[in-house]
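# Here is my input; please provide its structure:
(2 chains)
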Amino acid sequence: MPELTDHLSELSTLSATAPTEATVQADLQRARLALKRRRRFRASAVAITAALATAGSLTYVATSGSSGPRHAAGQIRLVAYHGEQLPGFTVAEVPDGYVLQGATDYVLDIAKPGDNSSLDAFTGKLVVMLQSRDAKFDTNGTPVTVNGHQGYLRSGAPATVLEYTDGTHDIVVQDWQDITLTDDQLVQFASGITVTSAAHAGLG
Amino acid sequence: MGASRQDEFEAYVRRSRGSLLRSATLLTAGDTHLAEDLVQTTLVRLYLGWPRARRTNLDAYARRALLNALIDEKRRPFARRERAVEQVPETIAETSTDVPNPVLTALATLPPGMRAVVVLRHIEGLSVEETAATIGSSPGNVKSQTARGLDKLRAALASATTDQGELHARTD
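Residues are numbered from 1 along each chain as shown, chains lettered A, B, ... in the order given. Sure thing, here's the model as predicted:
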């Protein structure tokens, strides 16, 4: 009978499949975005520190009123969502550990379990809504593609916004900085959203 | 400079992503979805630390980053508490349809740190010293973890063989 160590060394012969071109490009994009985010964060931190030092009030440093991100960007995973869908928007994935908090005619809120805040309060949440009826499709930001349609990412504190079209609706996804999805993950999340007939665009 | 970093990183991804994914699959005892997540995290960290990483042994640096990613994953509050899947049911998951390898199944019974030592020593073929450097431990600890890991693996494989024998006996 072969030794256990022989069985183990046989596993070293498992083939290492070469990555596809799409996988390589996705890795490159993820890496570039992570570097961009880090540089932006560091620049912001330096600016905040400098501003506080100049004001002579360097007693504490806080960022945007939050306790800071729980994960480094990209450390949270998207997982398949199998629970009950809510009227307005259905989702294929949610950030790991998050649930559908609730929905109104205008917005779907995805939050941590036990979040009892108003559905109109978006702090710490990932929210989906239709673009306001009196607003134009905003083409500012980094161009991205969601399910083959055009979208634009606008990163910044306290939230990153992805505005895109599905060919029929203009959809806005807002990711609060605490959740720290990468831009790629935000696009991936958006690609799993389906707008139903129950969704209404707000005003203002 | 930026272009250089990108070019070098791209070349590394093309050259080493496959073996990195294979290592991650072994370290996760065959969890291909988690392995892919870990590789993505590792590559991002590698790119962020590229100026330093490129001055060292890139493969060793990546291996350490991969292990750290695995440890971080296991420390997360929600890790493994919910068996959520990464793929929506309508899509075909890129999961191997092969019969589960009994050794991989047995590896899954080891704690992640002990599994890492066994994988690095007996599958990746690293020396005791190289393994110690990779996991940030002492050679003595690597030796004892390896011995205990192999004992546990033998026990797990023996148990699996016994269970299978009993199952065959009942179905005959």
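
# where along chain A do the helices fall?
A:4-11, A:21-54, A:183-191 (DSSP state H).

# Please apply the same query to chain B.
Under DSSP H, chain B gives helices at B:2-27, B:32-48, B:50-53, B:58-75, B:102-107, B:112-118, B:128-135, B:139-171.

# Any residue of the longest one touching chain A?
So the one you mean is helix B:139-171. Yes. Helix B:139-171 lies within reach of chain A by Cβ under 8 Å from any Cβ of the partner chain, at B:L150, B:L153, B:R154, B:L157. Any C-beta I mention is one placed from the backbone N, CA and C, and that applies to glycine too.

# Looking at the residues you listed, state which has the most neighbours.
For the residues of helix B:139-171 next to chain A, the largest number of neighbours (other Cβ atoms under 10 Å in any protein chain shown) sits with B:L153, at 23 neighbours.

# Quick check: that one touching A:L4?
Yes. With contacts counted by Cβ atoms under 8 Å, B:L153 reaches A:L4, the gap being 5.9 Å.

# hey, what's in contact with both of the two?
Common neighbours of B:L153 and A:L4, using Cβ atoms under 8 Å, 6 or more residues apart in numbering or on different chains, are B:V103.

# what pLDDT does residue 90 get?
I'll assume chain A. You'll see A:T90 listed with a pLDDT of 93.

# that's the wrong chain, I meant chain B
40.

# do the same with B:R83
Looking at B:R83, its pLDDT reads 43.

# Then A:H71?
At A:H71, the model reports a pLDDT of 46.

# Could you export the residues of helix B:139-171 next to chain A as a markdown table, including pLDDT?
As requested, the residues of helix B:139-171 next to chain A are exported to a markdown table (pLDDT from 0 to 100):
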| residue | pLDDT |
| --- | --- |
| B:L150 | 93 |
| B:L153 | 92 |
| B:R154 | 91 |
| B:L157 | 87 |
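
# returning to that earlier point: show me the one of the helices of chain A that comes nearest B:T56.
Among the helices of chain A, helix A:21-54 comes nearest to B:T56, with 18.0 Å by Cβ to Cβ.

# Now the closest residue to B:A108 other than its chain neighbours, what are its backbone angles?
In this structure, B:A108 finds its nearest non-sequential neighbour in B:A29, 3.6 Å apart by Cβ to Cβ, 6 or more residues apart in numbering or on different chains. Main-chain torsions, B:A29, degrees, to the nearest 10: phi 60, psi 40.

# From chain B, how far out is the residue nearest to A:Y98 when sequence neighbours are not counted?
Nearest non-adjacent residue to A:Y98, counting by Cβ to Cβ, 6+ apart: A:I110, 5.2 Å away. Distance from A:I110 to chain B, counting by Cβ to the nearest Cβ, to the nearest Å: 14 Å.

# Would you mind confirming that A:I110 is in contact with A:M129?
No. Counting by Cβ under 8 Å, A:I110 stays clear of A:M129, with 11.9 Å between them.

# which residues does A:Y152 bridge with?
Listed by DSSP bridges, the beta-bridge partners for A:Y152 are A:P143, A:E163.

# Tell me how many other residues surround it.
Applying other Cβ under 10 Å, I find that A:Y152 has 16 neighbouring residues.

# Surely it touches A:T145?
No. The criterion here is Cβ under 8 Å, and A:Y152 misses it with A:T145 at 10.6 Å.

# and stretch B:141-156, C-alpha only, in CSV?
Taking Å, rounded to 0.1, in the frame of the first residue of the first chain, the C-alpha atoms of stretch B:141-156 are listed here in CSV:
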residue,chain,number,x,y,z
ASN,B,141,6.9,23.9,14.9
VAL,B,142,6.7,22.9,11.3
LYS,B,143,8.1,19.5,12.1
SER,B,144,5.7,18.9,14.9
GLN,B,145,2.7,20.2,12.9
THR,B,146,3.7,18.0,10.0
ALA,B,147,3.9,14.9,12.1
ARG,B,148,0.6,15.6,13.8
GLY,B,149,-1.0,16.5,10.5
LEU,B,150,0.1,13.3,8.9
ASP,B,151,-1.2,11.3,11.9
LYS,B,152,-4.6,12.9,11.6
LEU,B,153,-4.7,12.4,7.8
ARG,B,154,-3.9,8.7,8.3
ALA,B,155,-6.7,8.4,10.9
ALA,B,156,-9.1,10.3,8.6
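
# Which residues are in contact with the closest residue in space to B:R17 that isn't next to it in sequence?
Counting by Cβ to Cβ, 6+ apart, B:R17 lies nearest to A:P19, which is 4.4 Å off, once chain neighbours are set aside. Going by Cβ under 8 Å, 6+ apart, A:P19 touches A:D27, B:V13, B:R14, B:R17, B:G18, B:L21.

# Thought B:Q40 was touching the first one, still the case?
Translated: A:D27. Yes. Look at A:D27 against B:Q40 with Cβ under 8 Å: they come within range, at 7.0 Å.

# Give me the distance from stretch B:22-39 to the chain's centre.
5 Å (Cα atoms, centre = their mean, to the nearest Å).

# Give me the buried stretch members for stretch A:174-187, please.
Neighbour counts over stretch A:174-187 (16 or more other Cβ atoms under 10 Å in any protein chain shown) mark A:174-187 as buried.

# Could you do stretch B:145-156 as well?
Quick answer for stretch B:145-156 (16+ other Cβ under 10 Å): B:Q145, B:T146, B:G149, B:L150, B:K152, B:L153, B:A156.

# next one: stretch A:117-132
Buried positions in stretch A:117-132, judged by neighbour count with 16+ other Cβ under 10 Å: A:L119, A:F122, A:G124, A:K125, A:L126, A:V127, A:V128, A:M129, A:L130, A:Q131.
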